[in-house]
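In: coords please:
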Amino acid sequence: MLLLHSSSLSYSTLHTTFNFHTPTNPNTGRRRITPYTRNQTLRIFCAKRTGKQRYPSEKKKLKSKNKEILSDSKDKDKFEGTWRLFKLAVPLDQDPGKDFLVISDALLQEIAKALKFPVASLLPREAFTIVRKSFDARKKLKEPKFVHTVDMDAKKLLSLEPRTWDFISRLEPKVGLVEHVLDRRDFGDLMSIIRDCKENKESVVKGENGHSILSGLHHIQTAKKPKIAVVGSGPSGLFASLVLAEFGADVTLIERGQAVEKRGRDIGALVVRRILELESNFCFGEGGAGTWSDGKLVTRIGRNSGSVLAVMRSLVEFGAPKQILIDGKPHLGTDRLVPLLRNFRQHLQELGVTIKFGTRVDDLVINDGHVLGVTVSESSDRLRSSSQKMEYDAVVLAVGHSARDIYEMLLSHNLDLVPKDFAVGLRIEHPQELINSLQYSELASEVCRGRGKVPVADYKVANYIDKEEFDGSSGSGLANRSCYSFCMCPGGQVVLTSTNPSEMCVNGMSFSRRASRWANAALVVTVTKKDFEALNYHGPLAGVEFQREFERKAAIMGGGNFTVPVQTATDFLENKLSASVPPSSYRLGVKAANLHQLFPTPITEALQHSLLSFDKELPGFISNEALLHGVETRTSSPIQIPRDVDSYESTSLKGLYPVGEGAGYAGGIISAAVDGMHAGFALAKRFGLFHGDLESVLGKAQNVGFLKY
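Out: The predicted model follows:
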């Protein structure tokens, strides 16, 4: 079993045990969860082991990497390039706080220690740049600290303070502590990168070995601009449109929902008057589902990769605070996303992009295995009487994971759709003060609803149930499942993400300050093809029907009118209806229900099992104040649309480019934006707008699955 835990912005290292008893029901043969009786020993390990706890294979790998960088360093001039200094920890009482992003006196002291320079005040601050800052409040530490990663410009340092020569000469690289890069590329925003490519038609990018790794990034004027439709204005659609428009393509961005201003009014009508606009809601509209969310920018596809940096810096250009480039766990919040999207839209329009809001794609125009365009109608026209055909040279499909009608349309054309594992579960909500207290103890008072020195506390927990724990109970269904927290929204609220009034689905959101008095997160369990087949769902859209099954059940259990069925965590463990429930941030009303009636027994048992595990890691996680909301099903796309790994083109339909989360290639704002960006470059290359090797410009594209949010 694997248990991941994050105390605010850091992982905690554990190696402990606890007991958990799962007796067998003599009538069914299934294992029953007996709350609070813990006799079976389960092992808990941290995902990232350090020091003496590292596995021999990890130690060998680290030793090999250290040897490699030490060997490389012999050929490098120590007084050239950038030295990156890691793990510079400043105690909380000496740091100005989470919003202070320049070199403080205390941080300068830590830098001096790393360089073994005797007088910190003599070090010129201009030679150092903070590239990462996170808060570490793990209980095993003597005191909470802000941990920094700092880049040092060796040449600038030496020119400003010549007495550092001897200390720089003695620096030796060590993985994870001190690293030397002779030629660290400074990735700019995406617009600057493309404009540089066009201005320097025969520019050559040099690798670290000095050899040419790219020749001929350039823009070719064509007699006719390629006409490209981008369907969906979420992160992947926006960044695909941006790349193509910057390279000179004739781009039309088609969005079934409304512009962010009108979308905000539609969401207000939903929250206040219970009026659900089927095409303009928490899922559909400008910016995609991520607009009314926490705006988390955390990614596992390489925080320092060229692709991620290009996306992040582009967001800054459109209005995001520069702090997102440094924060250990960057996020925006809906209040910042709204003006950012307006700026993004304005830039696309200035590039000549035609944006069609309130326009639904009903079908693809196909001839001889090639996409020739799309058939569209006004979103408000349910009968599609205003349907019209629009011709395009290519179609980028960036529809998000809730456009189920698009999946059905693709299937009608015999397009390959592959069922994909995902996760379903419940959204748990606690008072934010409780989470602050669990994570920070006496430091909880420093949070001040997002305005204090320390960040609002969050958590990340995961539990893997292996075969050894449930060794032969046929039908238990618990073995080889993962249960984890997902989309944790500190200082947030639970919101409705249904796209049909007969279905109930929830998610979480928060604003930039995370100042709400509640904290919520999804607690979800992995589900696979076997789970779909157990409910007699087969075929490419089995996962979609699986989602619908529980969304409809939740709607019935809530009594309709968008009321959410809820149960306290303690009552869920004891399988009894809650006599009373604590206040919820969900504004459309809650109703006490027994959530055991929602999922099949294996999923329910896995959730119970994992709740007890999480309570061991965060004592107090299970309480009468912890309220479970049903149901969370749209954690990621239930299908994947196969495509060519290099061209991004569908393997079963020429001219169609499936991208982002809805196509099964991303999990979150940043990874979706990166996927759309890479697809945009691939299309630009196909139409002769871009020549060269993209990996040399932005690094290798990385796809992520539903576990890598």
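
In: Now do the strands in the stretch 451-600 of the chain.
Out: Under the criterion DSSP state E, counting those that start in this stretch, the stretch 451-600 of the chain contains strands at 461-465, 481-489, 492-496, 506-510, 518-527, 564-568, 590-592.

In: Nearest approach to residue 311 belongs to which of the ones you listed?
Out: strand 481-489 (19.3 Å; CB to CB). Yep, even glycine has a C-beta here, placed from its N, CA and C like the rest.

In: between the closest one and strand 461-465, how many degrees?
Out: 170 degrees (axes from the mean of the first three to the mean of the last three CA atoms, to 10 degrees).

In: Show me what strand 481-489 is packed against.
Out: strand 422-431, strand 461-465, strand 506-510, strand 518-527, helix 601-617 (3 or more CB pairs under 8 Å, 6 or more residues apart in numbering; DSSP states H and E).

In: go with 7 Å
Out: strand 461-465, strand 506-510, strand 518-527, helix 601-617 (3 or more CB pairs under 7 Å, 6 or more residues apart in numbering; DSSP states H and E).

In: possible to save the strands of the stretch 451-600 of the chain as JSON lines with distance to residue 681 and mean neighbour count?
Out: Shown next, in JSON lines, are the strands of the stretch 451-600 of the chain (distance: least, CB to CB, whole Å; neighbours: other CB atoms under 10 Å):
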{"stretch": "strand 461-465", "distance to residue 681": "34", "mean neighbour count": "23"}
{"stretch": "strand 481-489", "distance to residue 681": "29", "mean neighbour count": "24"}
{"stretch": "strand 492-496", "distance to residue 681": "34", "mean neighbour count": "24"}
{"stretch": "strand 506-510", "distance to residue 681": "31", "mean neighbour count": "27"}
{"stretch": "strand 518-527", "distance to residue 681": "33", "mean neighbour count": "26"}
{"stretch": "strand 564-568", "distance to residue 681": "42", "mean neighbour count": "26"}
{"stretch": "strand 590-592", "distance to residue 681": "46", "mean neighbour count": "18"}
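
In: JSON lines for those strands, including distance to residue 110 and mean pLDDT?
Out: Formatted as JSON lines, these follow (distance: least, CB to CB, whole Å; pLDDT from 0 to 100):
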{"stretch": "strand 461-465", "distance to residue 110": "31", "mean pLDDT": "86"}
{"stretch": "strand 481-489", "distance to residue 110": "30", "mean pLDDT": "91"}
{"stretch": "strand 492-496", "distance to residue 110": "33", "mean pLDDT": "97"}
{"stretch": "strand 506-510", "distance to residue 110": "32", "mean pLDDT": "96"}
{"stretch": "strand 518-527", "distance to residue 110": "31", "mean pLDDT": "96"}
{"stretch": "strand 564-568", "distance to residue 110": "45", "mean pLDDT": "98"}
{"stretch": "strand 590-592", "distance to residue 110": "48", "mean pLDDT": "98"}
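
In: Ok, which of those comes nearest residue 281?
Out: Using CB to CB, these put strand 492-496 closest to residue 281, at 8.0 Å.

In: which strands and helices sit next to the closest one?
Out: Under the contact definition 3+ CB pairs under 7 Å, 6+ apart, strand 492-496 sits against strand 506-510, strand 518-527.

In: and the angle for the longest one with strand 481-489?
Out: Translated: strand 518-527. Relative orientation of strand 518-527 and strand 481-489, computed by the same axes, to 10 degrees: 150 degrees.

In: Alright, calling it a day.
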